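Trainee: Return a 3D structure for these sequence lines:
(2 chains)
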Amino acid sequence: MTARLIAYGRVSPAGLLSWSPGGVRRTGWDQLDAGPVGEFGTPPLRAKYFFDQPFTKYGRMDPLCKVAVGAAQLAVKASGNLAGLERDEIAQVGGTMLGCLEVDAQFEATRRAGAPSPALFVYTLPSMFQGEIAIAFKLRGRCTLLSTGELSAMTALATGIRWIERVRARHVLVVAAEAAGPAAAGLGADFTPFSAAAAWLLTCQGEGVGLSDVRFNTEPGDARQLQPGALKYGAGFVDTLEPLLLEPAQTRVHAASGSQSVSFQIN
Amino acid sequence: MLKQLVEIIAMCAQAPDGGLSAVDSAFRTRIPAHIETGALQAAGVPLPIDGSRYRAYFATTKGWALDDNPVKPLAAPGLTVISNACVSGAQAVIEAVDALLDGDCDLAAVNGGDAITGFIRAGFASLKATGSGRARPFDRERDGLTLGTGDATIELRRAGGNSPYPCVVSYGCSNDANHISGPSQDGSGLALAILRALEGIDPREIRAICAHGTATVYNDAMEARAFHAVFGASPPPVFGIKGAIGHTLGAAGLIEVIVSALVATEGVIPPTVGFEHGEGEFPLDVVHGEPRRIEPGYVLTTNSGFGGMNTAIVVGPGKP
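Mentor: Okay, here's the model as predicted:
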């Protein structure tokens, strides 16, 4: 069975993007009157950039959840709010390289100050953004979060495609997310604040870009070899893959990092 | 006829405080406990010669974060890290099963573990989730979980249809979509995962349930409701191991798969350490005091975690 990409959302330092087979919509931060770039490489994220209705809980989420839930909402909205999809059957695959180290650092600071914060601690698990997405959109399907370094987004997307190919899920929301701020600054001298997330909504039915024939850890062969692109950490390859999906090309793509690689066909 | 998807060809577990012996003593086959945290090689797991046919998974909630530096990235070179809160170990087994069934690899190793650091202790204490003493799973006077450092590794291979090894038979997963840190009150999310795992299996074939059994008031009540929802008024015998070894977080689901494999194969259920008195509303037959003999067969193991994650795995014995 071929997976169909029916909606896509992306949040990055460049702004917001949402896509469905009906068209693409790009929104710059300046169009949102979002103010200056903050410590995570984008203007501070606010619920009103994504949601039509007030969503007070959004403001209490950690940076990783905020960027992930934002991207998910862009895809969900582009899909017509999951029209025609049974939410009990929507699974989730998540990908991240850094995980929740920013909120880890915030919680650790409260612990060292002698007053560990329970509100922060609940977000010190990398998969919490999937929990927030499940709650926000009432998704009760299978849920897994994986990390394969810079290949995390591609591995997550390939896993989602595979689940539909093998009829393990009828619909899959794949979300890759990173939030790198003050805590991540210690990772290397070339660090720059950065946050980004991408959400791909895949289904087994209807119109959309066909995605199939996933292969892990194979040689590239004749496939188009993707470069990591401008988006960093686990969001690598997202922006170099994006144009091939939105203006779909009949091609096989291959992405590699370290000892691991991912490849799939775009139809 | 017994189903077999993937065979468990090697397994070992360690809980350094010695609690595992309270579980292990129920079995004729000892659980080899000789591995160091995070060390696949020390577990005797063959490492890849051809990397494309071997996949290594690491199940964890917090990576290798230790007390001296609790803030670290999740990723680990060469490994597929699976991090789904307290279902991480079970979820990693499920992902490895899929990779084997899909032909992505011929051999999969799943290692899981978390160091129980001051960071983690302070977090659970801040949530008032830890109990006053040793955890008492399903006991009516339970008052919270006990944390325990543990580590486990299993090695998996596609079953040839007549495997002598214990096997993963099926699995199911779900999300509560209800609360970020609390279980669903009615157990419907876990019940959904169990029903997905039992597709094609007669529930009467389940000989025992290795429950998540954290000994928090809400988790155990939720599990009892879920078991009643799926199995009716008389669920199979239930046991839990967290009273013996504590909640080992990323290793928990993995160690419970290992113990379930031994229960399925040897037909003996270890007693639930810490349990004395049950509850009335959704009563369970909690095995306690002494090991209980059962007919070898399918064992269901369940896990639930923050973010609404639920897993259910059915493990069966090998062919005699």
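Trainee: For beta bridges, what are the partners of B:I269?
Mentor: B:R292 (DSSP bridges).
Trainee: And stretch B:226-243, how far out from the chain middle?
Mentor: How far stretch B:226-243 lies from its chain's middle: 15 Å, per CA atoms, centre = their mean, to the nearest Å.
Trainee: quick one: buried residues of it?
Mentor: B:226-231, B:235-243 (16 or more other CB atoms under 10 Å in any protein chain shown). Heads up, the C-betas are built off the backbone N, CA and C, glycines and all.
Trainee: So which of those sit within helices?
Mentor: Among the buried residues of stretch B:226-243, the residues falling in helices (DSSP state H) are B:226-231, B:242-243.
Trainee: Mind putting those into CSV with distance to B:P73 and pLDDT?
Mentor: Shown next, in CSV, are these (distance: CB to CB, whole Å; pLDDT from 0 to 100):
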residue, distance to B:P73, pLDDT
B:A226, 35, 98
B:F227, 38, 98
B:H228, 42, 98
B:A229, 39, 98
B:V230, 39, 98
B:F231, 42, 98
B:K242, 29, 97
B:G243, 34, 96
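Trainee: What strands line up against the stretch of helix or strand B:V315 belongs to, and which way round?
Mentor: Using DSSP states H and E, B:V315 sits in strand B:309-316. Looking at strand B:309-316 with DSSP bridges, its partner strands are strand B:167-175 (antiparallel), strand B:298-305 (antiparallel).
Trainee: pull the CA atoms of the first one into PDB?
Mentor: This means strand B:167-175. This file holds the C-alpha atoms of strand B:167-175, laid out as PDB (Å, rounded to 0.1, in the frame of the first residue of the first chain):
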ATOM      1  CA  CYS B 167       8.500 -15.500  21.200                       C
ATOM      2  CA  VAL B 168       6.900 -12.200  20.900                       C
ATOM      3  CA  VAL B 169       3.400 -13.100  19.600                       C
ATOM      4  CA  SER B 170       1.700  -9.800  19.000                       C
ATOM      5  CA  TYR B 171       1.500  -6.300  20.300                       C
ATOM      6  CA  GLY B 172      -0.800  -3.300  20.500                       C
ATOM      7  CA  CYS B 173      -0.300   0.400  21.200                       C
ATOM      8  CA  SER B 174      -2.500   3.400  22.000                       C
ATOM      9  CA  ASN B 175      -2.600   6.900  23.400                       C
END
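Trainee: Could you identify the helix or strand that succeeds it?
Mentor: Using DSSP H and E, the helix or strand that follows strand B:167-175 in sequence is helix B:188-197.
Trainee: Could you see whether chain A lies near that following helix?
Mentor: Yes. Against chain A, helix B:188-197 shows contacts by CB under 8 Å from any CB of the partner chain at B:189, B:192.
Trainee: which helices and strands does that helix pack with?
Mentor: With contacts defined as 3 or more CB pairs under 8 Å, 6 or more residues apart in numbering or on different chains; DSSP states H and E, the packing partners of helix B:188-197 are strand B:167-175, helix B:217-231, strand B:298-305, strand B:309-316.
Trainee: How far away from the center of its chain is that helix?
Mentor: 15 Å.
Trainee: can you check stretch B:261-270 too?
Mentor: For stretch B:261-270, the separation from the chain centroid amounts to 14 Å (computed by CA atoms, centre = their mean).
Trainee: Also stretch A:126-133?
Mentor: Using CA atoms, centre = their mean, the offset of stretch A:126-133 from its chain centre is 11 Å.
Trainee: averaged over its residues, what pLDDT does that stretch have?
Mentor: Across stretch A:126-133, the average pLDDT comes to 98.
Trainee: Over in chain A, which residue gets nearest chain B? Let me know.
Mentor: Of all residues in chain A, A:G131 sits closest to chain B, at 2.7 Å by CB to the nearest CB.
Trainee: who's in contact with whichever strand or helix holds that residue?
Mentor: Using DSSP H and E, A:G131 maps to helix A:128-137. Residues outside helix A:128-137 that contact it (CB atoms under 8 Å, 6 or more residues apart in numbering or on different chains) are A:55, A:57, A:61-62, A:64-65, A:68-69, A:72-73, A:76, A:82, A:87, A:90, A:92, A:94, A:100, A:122, A:139-140, A:143, A:145, A:173, A:175, A:177, B:84-85, B:175-180, B:306-309.
Trainee: try 7 Å this time
Mentor: By CB atoms under 7 Å, 6 or more residues apart in numbering or on different chains, the list of residues contacting helix A:128-137 from outside reads A:61, A:64-65, A:68-69, A:72, A:76, A:82, A:87, A:92, A:94, A:100, A:122, A:139, A:143, A:145, A:173, A:175, A:177, B:175, B:177-178, B:180, B:306-308.
Trainee: Buried residues, that helix. List them.
Mentor: Buried residues in helix A:128-137 (16+ other CB under 10 Å): A:128-137.
Trainee: tell me the pLDDT at the residue with the largest distance to the centre of chain A?
Mentor: Here chain A reaches farthest from its C-alpha mean at A:G114, the gap being 34.5 Å by CA atoms, centre = their mean. The model reports A:G114 with a pLDDT of 97.
Trainee: which residues of the chain fall in strands?
Mentor: Going with chain A. Under the criterion DSSP state E, chain A carries strands at the ranges A:3-12, A:15-20, A:23-27, A:90-95, A:143-147, A:171-180, A:194-203, A:209-216, A:224-225, A:251-257, A:260-266.
Trainee: that's the wrong chain, I wanted chain B
Mentor: Assigned by DSSP E, the strands in chain B fall at B:6-14, B:54-59, B:80-82, B:107-114, B:150-158, B:167-175, B:206-210, B:238-239, B:268-269, B:292-293, B:298-305, B:309-316.
Trainee: can I get the ones you listed in a markdown table with mean pLDDT?
Mentor: Below are the strands of chain B laid out as a markdown table (pLDDT from 0 to 100):
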| stretch | mean pLDDT |
| --- | --- |
| strand B:6-14 | 87 |
| strand B:54-59 | 89 |
| strand B:80-82 | 94 |
| strand B:107-114 | 90 |
| strand B:150-158 | 89 |
| strand B:167-175 | 97 |
| strand B:206-210 | 98 |
| strand B:238-239 | 98 |
| strand B:268-269 | 96 |
| strand B:292-293 | 97 |
| strand B:298-305 | 98 |
| strand B:309-316 | 98 |
